[in-house]
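Trainee: can you look at this prediction? I've put the sequence above it.
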Amino acid sequence: MLDAILFLFVMGMLALGLRKPFIWVLAYLYIDVVAPQKIGWTLMQLLPFSLIAFVAAFAGWLLADSKEGSRFTFRQGLILVLLIYCGMTTLMADFPKEAMEKWGWVWKAMVFAIFLPLTLRTKLRIEAAALVMVLAVGAIIISGGIKTVLGGGGYGALYFFVNDNTGLYESSIISCVAIAIIPLILWLAKYGTIYPTDWRVKLFAAGLIFAALLIPVGTEARTGLLCIGVLAVLMLRSVKRRFLYMALGGVALLMAVPFLPKSFTDRMSTIEKHEGDESASTRVAVWMWTLDYVKHHPLGGGFDAYRSNSFTYKTKVTLDMGGGVTQTETQDVTDKGRAYHSSYFEMLGEQGWPGFILWIWLHALGLWQMERLRRRYIQRAKTDPRPEDAWKAPLATALQQAQIVYLVGSLFVGIAYQPFILMLIGLQCALWAYLNRVDSPVRKRIGPGRRRSVPAAGGDAVAAGAGALH
């Protein structure tokens, strides 16, 4: 039954794209995030839906969609340069076969991130893409949240739609992404126009945020706990009543602690003392190996270069001596072929210093652009408030907060090329291009002597554009 529903839903979206080609873009966002072809077992296996939606999205935009307002931004150019460089390192990779397997999905994620902003040329389209991304991730986290409440969690034991430890179905990755989308959920609940912002939408948004907060508990992923802490601090910048927010947050934390499973609190305690946790100790050892590796391979070793690592590290082990007596000893552990467990070291080891600099540049520029948009419209709200501008600064803030949560979470998870995060970057590029296009050109073309006539013309233009969007 589930397989048939998924098949009909995906086929319905593809069919709707024949009338509105942009729906194919939304269909690919959904398919790439949820991966319904993994959930279904018969009908969903008949066709390569991901490839069909990928090709349809490009073909629909190229042949049938309007190009008016499409802009190619500098950050899209950075992704393109990084894509070309990754292709070069793949050809010279230390492990050619494994590198080609990873390249098989990385190039597609990067190409779509370059392409996505070209299609998001209106406010309505930007909102639609954000909504589909949130609801697609929401489908996964609602499932995980329900299982957590019913006691089905545990490290490596919380299964979502499928028993698959890849992509967004991996515990640490979904914990990071679940927290990262909370700012977008709040923005859609307050400023969304596709669904009216009534009590039903706000109730669903509250439930979705609660489910997102349950994911780190259910997966027992330490990354998720750090992401929650970072987001809680970031929210201080945007909430109106900071002291009330901190008080309510403290009360909520105190109320939640007694209900947390002991396995969760025990695992979280290893954040402070990583020497006693083999997983954490291994990560530190891999990072040290990576720094040494790039000294001799500054251009990187291509995808999956970590497979050549071998190292010995020390870890603390508690031994039961009997009679309630325990003894802690330090042991040497030899390991090899361990993954990076960090996006920063993943990029550094695989793409070397050139790729690492491009990747850092890409994200730093995104933070800066969102900050510029945020400040621009907050300042405008003080001097020249306009109802049509109300959504702009909050969306820039939400995208910036989501990116910061990702950048913190990715310190401990190898998600440098994660497709969902690249989609998030695509949303940022689209917002930057759209707001600079609709707000800047008139002022740049009109000379100082004619600026008195700008407000009337600009206001009419904005009103006409808003009418067209709705």
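Mentor: Right, received. Where do you want to start? Numbering: from 1, shown residues only.
Trainee: which element is T334 on?
Mentor: Here T334 sits within strand 325-336, counting by DSSP states H and E.
Trainee: what helices and strands are in contact with the helix or strand following that strand?
Mentor: Once the chain leaves strand 325-336, the next helix or strand it forms, by DSSP H and E, is helix 343-383. Packed against helix 343-383 by the contact rule (3 or more Cβ pairs under 8 Å, 6 or more residues apart in numbering; DSSP states H and E) you find helix 74-91, helix 278-296, helix 392-409, helix 419-439. Where you see a C-beta, it was placed from the backbone N, CA and C, and this is true even at glycine.
Trainee: let's see 10 Å
Mentor: Applying 3 or more Cβ pairs under 10 Å, 6 or more residues apart in numbering; DSSP states H and E, we find helix 343-383 packed against helix 74-91, helix 96-119, helix 278-296, helix 392-409, helix 419-439.
Trainee: who touches G60 in this structure?
Mentor: Shown in contact with G60 (Cβ atoms under 10 Å, 6 or more residues apart in numbering): G17, L18, K20, P21, F22, I23, W24, V25, A27, T119.
Trainee: narrow the residues you listed to just the buried residues.
Mentor: Using 16 or more other Cβ atoms under 10 Å as the burial test, those include G17, P21, F22, I23, W24, V25, A27, T119 as buried.
Trainee: would TSV of the residues you listed with distance to K240, pLDDT and secondary structure be doable?
Mentor: Shown next, in TSV, are the buried ones among the contacts of G60 (distance: Cβ to Cβ, whole Å; pLDDT from 0 to 100; DSSP: H, G, I helix; E, B strand; the rest coil):
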residue	distance to K240	pLDDT	secondary structure
G17	41	91	coil
P21	41	92	coil
F22	36	94	helix
I23	37	94	helix
W24	40	95	helix
V25	35	95	helix
A27	38	94	helix
T119	35	94	helix
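Trainee: hang on, the earlier thing: which among the helices and strands packed on helix 343-383 is found nearest to A136?
Mentor: Smallest distance to A136 across the helices and strands packed on helix 343-383 (Cβ to Cβ): 8.6 Å, for helix 419-439.
Trainee: now that closest one against helix 74-91, angle please.
Mentor: Note on geometry: by axes from the mean of the first three to the mean of the last three Cα atoms, to 10 degrees, helix 419-439 and helix 74-91 are set 150 degrees apart in direction.
Trainee: quick check: angle from helix 419-439 to helix 343-383?
Mentor: The directions of helix 419-439 and helix 343-383 differ by 30 degrees, with the same axes, to 10 degrees as the criterion.
Trainee: got a list of what the most centrally placed residue in the chain touches?
Mentor: What sits nearest the mean C-alpha location of the chain, by Cα atoms, centre = their mean, is I421, with 3.4 Å. I421 sits next to 109, 113, 173, 176-177, 180, 343, 363, 402-403, 406-407, 409-410, 415 when contact means Cβ under 10 Å, 6+ apart.
Trainee: with D389 instead?
Mentor: Contact analysis of D389 by Cβ under 10 Å, 6+ apart lists R376, Y377, I378, R380, A381, L435, D439, V462.
Trainee: and it, how far is that from A396?
Mentor: Distance of D389 to A396, computed by Cβ to Cβ, to the nearest Å: 11 Å.
Trainee: which neighbours do the two share?
Mentor: Taking Cβ under 10 Å, 6+ apart as the contact rule, D389 and A396 both touch R376, Y377, I378, L435.
Trainee: any chance of those in JSON lines, plus pLDDT and neighbour count?
Mentor: Formatted as JSON lines, those follow (pLDDT from 0 to 100; neighbours: other Cβ atoms under 10 Å):
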{"residue": "R376", "pLDDT": "92", "neighbour count": "17"}
{"residue": "Y377", "pLDDT": "92", "neighbour count": "22"}
{"residue": "I378", "pLDDT": "91", "neighbour count": "15"}
{"residue": "L435", "pLDDT": "94", "neighbour count": "21"}
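Trainee: so which two of the residues you listed are the farthest from each other?
Mentor: Across the shared contacts of D389 and A396, no pair lies farther apart than I378 and L435, at 13.3 Å, counting by Cβ to Cβ.
Trainee: which residues are in contact with each of the two?
Mentor: D389, K392, A396.
Trainee: F49: which of these is nearest?
Mentor: Nearest to F49, judged by Cβ to Cβ, of the shared contacts of I378 and L435 is A396 at 33.1 Å.
Trainee: thinking again about what came up before, between the helices and strands packed on helix 343-383, which gets nearest to F161?
Mentor: helix 419-439 (15.7 Å).
Trainee: quick check: buried residues in that closest one?
Mentor: Within helix 419-439, judged by 16+ other Cβ under 10 Å, the buried ones are 419-436, 438-439.
Trainee: ditto for stretch 89-104
Mentor: Neighbour-count burial for stretch 89-104, counted by 16+ other Cβ under 10 Å, picks out T89, T90, A93, D94, F95, E98, A99, K102, W103.
Trainee: check contacts around the closest residue in space to L373 that isn't next to it in sequence.
Mentor: Leaving aside its sequence neighbours, L373 sits nearest to A396 (Cβ to Cβ, 6 or more residues apart in numbering; 3.8 Å). Applying Cβ under 10 Å, 6+ apart to A396 gives the contacts 187, 369-378, 428, 431-432, 435.
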